[in-house]
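Participant: build me a model from this:
(3 chains)
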Amino acid sequence: MTAALVVAAEETVGEKPARRARAGVFARRPGFLLASLYVAFVVAVAFRPALFTGQDPYATDPAAAMRAPSAAHLFGTDIYGRDLWSRVLHGSPLTIKATLIALVIALIAGLGLGIVSGFFGGLTDSLLMRVIDVLLAIPGLLLALSIVTALGYGTIPVAVAVGVGIVPGFARTTRAEVLRVKTLPYVEAARAGGASWTRVLLRHILPNSWGPVAVLAVLDAGVAIIAIASLSFLGFGAAPPAAEWGTLIADGRNYLVTAWWLSLLPGLFVALLVLSLNHIAKTFQEVTP
Amino acid sequence: MSLVEISGLNVGYVRHRHIQPAVTGLDLTVGQGEVVAIVGESGSGKTTTGNALIGLLPSNGRITAGSILVDGVQTARANERTLRRLRGSTIGLIPQDPMVGLNPTKRIGAQIAEAVKLRGIGGPAVPRQVLDHLAQAGVPEPELRARQYPHELSGGLRQRVLIAIALAGRPKLIIADEPTSALDVTVQKRILDHLGGLVREQGISLLIITHDLAVAADRADRVVVMRQGRKVDEGDPATILTAPREGYTRQLIAAAPRLAHHGQLQAHFDVRDEPAPDPILTLTGVGKTFAVDDPRRGRRGFNALEDVSVTVPRGRTHALVGESGCGKTTTLRIALGLESATTGSVVLDGTEISGLSWRGMRPLRRKAQLVHQDPFATLDPKFTVRQSVTEPLVSFRIGDRRSREARARDLLDQVALPAAYLDRLPAELSGGQRQRVAIARALALEPRLLLLDEPVSALDVLVQEQILRLLADLQQRLGLSYLFVSHDLSVVAEIAHTVSVMNAGRVVEQGPVAQVFSDPRSTYTRELIDAVPGRRAAA
Amino acid sequence: MIRYLVGRVVQAAAVLWAAFTLTFAILYLLPSNPMQLQLAAAGIQEDSLTPEQYAAMKHRFGLDESIAAQYWHHLTGVLHGDFGDSLTQQVPVTDLIGARIGPTLLLSVCAAVVSLVAGSALAYLATFVRRNPVRIVLTRLPALGASFPQFFIALFLIQFLSFQLGWLPATGTQGAQSLIMPVLTISVVTSSVLAQVLIKSFDQTLSQPYVVTARAKGLSRTAVHLKHAFRNAALPAMTILGVIVGLTVTSSIVVETVFTREGVGKLAQEAVLAQDVPVVLAVVTLAATVFVTVNLIVDLLYPLLDPRISHTPEVVPV
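Facilitator: Okay, the predicted model is just below:
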């Protein structure tokens, strides 16, 4: 017995520090760090905007109208002399909350559909996948527009509309993952070991399929932000004077010649957020094999 | 001067900004018309050597020292232009896996024609030469095959096409990297025979890269044994086999049954004269029909199994042996109730299980457990060894936390792993260790029968040997019975008492291993036995 | 083969019908009071109507029928190319769309072509170049392009090319010049999406053993990339062509609004603002038709291009 034990220990090629190495990979990527910091900043702003700006987003000051960006007004001021930086920050709660609502809808519906479809297979699967095909056939923004037409304007309808639009992607990715994991030998071994399907689903299939789904969630957060901003840019967002990012950008468009910052700086703010989210998702994809 | 002269070669792979050595201080020559074999386990640097020779290292591969002269041209650190001139025309390559070695969207003929044209041939001569090369490589009906796509050809034919491509460049040296290990033994033998004949006929040098010392000994003029990037032994096959200089080579010989027994496929157990114990598992007249969706002919039935009857005696090992697609794995899955038989009966420990639902089958799970082939997929990557091993106990609600912990330690001890491994994840284990954990998990419920699906075929030979020894040891101590599925006759000779040889969904021969392997009655069994490498050891 | 063809066409028609039904359900079932919605769209105060007038209006909008009858009415109408009348403009929806489809068609086709060419070229270069910094920049570029909201790209282009440099007209539908910025805006995003998928596909293809076989023959990297990798990499990416075209079509909504182009996209935006339900239904159905048709064509072409497959593999777009 002892001899066998020694032999078994000898053929060790497995590396011990696999878990620690992964954390190190993230730390060694400055881009990833910057992106995470920026996303954290915007999310923090969304919940406590007043912490990051001393200025009232609604306080008009005709004397200081249309000022270019400066130390006093980071993003300059609009035609009423309102501070654009604080208007952007105070616009965060609306957009970020709409994004979160959209993501929650997409996650619940998409995960639900995907898991049921992939897990049960057969007729259930083909039926649900045809439903997804139909949802996919209507381009996302147009599906959202129909829902907005029916439900009216405002943050919640926009959030619902965008959420429904990204359900199909979630459902398909989740299904593909569940299908992949379901046929792996360790699932079969668990079944042979007497584990019920519920146990197999909760302990084996879900923990091993959430990786790509999580990456997609981060990517889709970016997609949702763009869609929500686009919808409010088109004029279907919250009513004035509340200002979502898209509305701010749309308003500034009339002064592009004289005051470019009114549109372009909030736009850049949004673009950076989406870029950060994409970068985070990409890093996850590259690090996890 | 030799055709290939490698001296002091160091090759490494860049990982996390460090260079991990893969080949260290290698000296190797291949003479004109000589057949040299490099033998080694995974990680020995044998494939890296081949890639360095033809200048096709992966993008993170670096030659850090030494020189490689091929036909007088320095290829170590040579630029792409120099290397390109050598590839095809001086060095041909036969890659590892024929199933993925050909471009799936290009016709066979066009893929060979590319190599012909690079020789400067043009016009109507091209198709003629393509057909010549196909015929040379032993492809029947070359005109038809040239017009087909790779997926329309069997694995063996694809390998022959790859040989044709290598020949089409009229090289002086062919590198064959595990040329046949993805193929069935009988096909493997025919292709290696053919390739050997071709190179001798045309005076081409051949460098065979293989994990199988028996293959190397059978085919090569000179054998080079590599281990962990270094050359550890070298010599002509007879010398290597009879007087190995290194302990490692001796281990390799011991692990290859045919080499160890002077070319004989000798059964480890001889139960010819013993009465068979009563059976724990009996399959009677089992048939299985799969429905196949054929786009052209619509839905139709495909008989995977026909009238298969197999018996596993208590405390013994019964092996199912045969080539891929013969139905051996389907038989095993039916025996475990993972798949239902279309016809026939399956009796496990006195209970008929065919037709039982999963719930009805559940109590019987404690009697029979499964060990899979692929050590990398058999353990949940998110489960620690402890969780994996105790999962069946949790599923059957056996014991409490403390008793399960004690049982887990006990099980690891049985498979000869230290208790410290309980907290490890599969990623932190080697292939052999994972397979040990899988066996421990299968033993958790104290089953009477283990169903082993190619449990060692994905492992290196020496690790194979250890796992086989462990299985034999467990059988003796715990009185286990095994149903052992394998394509490898030498493994079967090592572990099994009785055997069923399967072909195309039927059992062609059955009986004690000692009898079937020494005196096969069916021609198919004889063909299988003849194909097992290592005959040269007899000489 | 005929059976496969007929099957796919029937399936596409079924998906299209279901998409129409779903949109109808969203538009006609969700709002609590469709009458109110339609009156508002027509610009009529509900209180100003006598009960008789109200009933007359209800009949005019077809709202006195049951939902099922309304649905049947619409569906048969659509099959005859009749989407009913616009609520705000009192003209047949078909006429409205007919008058505006030209510029949108031109824009979408140009954008799709530019996206295909630019996306493929970028992916090809990014996987061919071996110098590390260049390669990294090229592979990261699509992620950058896909991150910018289209309205931002549009406004940036207007600011830069029209106002700063004065090269191109900022708005309008007239002339080829007015087309450049809208096409550019759409292409930045769609070509990035395409390039991302293609780069991934190329990377996978280039790591296949048959690429090693091809190089071992003595073929140059260019020949391997062009003759072996390109086709095998492009094939799976074909399945997202429908998504790409769908993206260019929906992009026209934002882009036409920003550049004030008189197209179907801007019509859709105006219709949603005015809650002009029949117009919205028509535009959505039109877009779904485009998407389904492109996918159908890809599905039917696929077996001809990939010898292994008798039907399209399922590929989840990134």
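Participant: residues contacting B:Ile165?
Facilitator: Going by C-beta atoms under 8 Å, 6 or more residues apart in numbering or on different chains, B:Ile165 touches B:92, B:111-112, B:115, B:133, C:213, C:217. Every residue, glycine included, has its C-beta placed from N, CA and C.
Participant: helices of the stretch 101-250 of chain C, start to end?
Facilitator: C:132-147, C:150-157, C:177-206, C:209-216, C:221-223, C:230-237, C:241-258 (DSSP state H, counting those that start in this stretch).
Participant: packing partners for the second one?
Facilitator: Looking back up the chat, that one is helix C:150-157. For helix C:150-157, the elements it packs on are helix A:206-233, helix A:245-252, helix A:261-287, helix C:177-206, helix C:241-258, judged by 3 or more C-beta pairs under 8 Å, 6 or more residues apart in numbering or on different chains; DSSP states H and E.
Participant: redo the ones you listed as a markdown table? Include mean neighbour count.
Facilitator: Shown next, in a markdown table, are these (neighbours: other C-beta atoms under 10 Å in any protein chain shown):
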| stretch | mean neighbour count |
| --- | --- |
| helix A:206-233 | 23 |
| helix A:245-252 | 26 |
| helix A:261-287 | 22 |
| helix C:177-206 | 22 |
| helix C:241-258 | 25 |
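Participant: closest to chain B out of those?
Facilitator: Of all the helices and strands packed on helix C:150-157, it is helix A:206-233 that lies closest to chain B, at 4.9 Å by C-beta to the nearest C-beta.
Participant: quick one, that closest one and helix A:261-287 angle?
Facilitator: Between the axis of helix A:206-233 and that of helix A:261-287 there is an angle of 170 degrees, by axes from the mean of the first three to the mean of the last three C-alpha atoms, to 10 degrees.
Participant: angle of helix A:206-233 against helix C:132-147?
Facilitator: Using the same axes, to 10 degrees: helix A:206-233 against helix C:132-147 is 60 degrees.
Participant: ok, helix A:206-233 near chain B or not?
Facilitator: Yes - counting by C-beta under 8 Å from any C-beta of the partner chain, chain B is contacted by helix A:206-233 at A:207-208.
Participant: rewinding a little: could I get the helices and strands packed on helix C:150-157 as CSV with distance to B:Ala442 and mean pLDDT?
Facilitator: What follows is those, written out as CSV (distance: least, C-beta to C-beta, whole Å; pLDDT from 0 to 100):
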stretch, distance to B:Ala442, mean pLDDT
helix A:206-233, 21, 88
helix A:245-252, 58, 82
helix A:261-287, 33, 86
helix C:177-206, 36, 90
helix C:241-258, 46, 88
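Participant: mind putting these in a markdown table, distance to A:Ser117 included?
Facilitator: Formatted as a markdown table, the helices and strands packed on helix C:150-157 follow (distance: least, C-beta to C-beta, whole Å):
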| stretch | distance to A:Ser117 |
| --- | --- |
| helix A:206-233 | 13 |
| helix A:245-252 | 34 |
| helix A:261-287 | 23 |
| helix C:177-206 | 23 |
| helix C:241-258 | 20 |
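Participant: of those, which is nearest B:Val126?
Facilitator: Shortest distance between B:Val126 and the helices and strands packed on helix C:150-157, using C-beta to C-beta, is found for helix C:177-206: 26.1 Å.
Participant: how about the helices and strands packed on helix C:150-157, which one is nearest B:Ser205?
Facilitator: Nearest to B:Ser205, of all those, is helix C:177-206, at 29.7 Å by C-beta to C-beta.
Participant: which stretch of helix or strand covers the residue lying closest to A:Val43 once chain neighbours are set aside?
Facilitator: Distance criterion C-beta to C-beta, 6 or more residues apart in numbering or on different chains; nearest residue to A:Val43, sequence neighbours excluded, is A:Ile96 at 6.4 Å. For A:Ile96, the host element (DSSP states H and E) is helix A:84-120.
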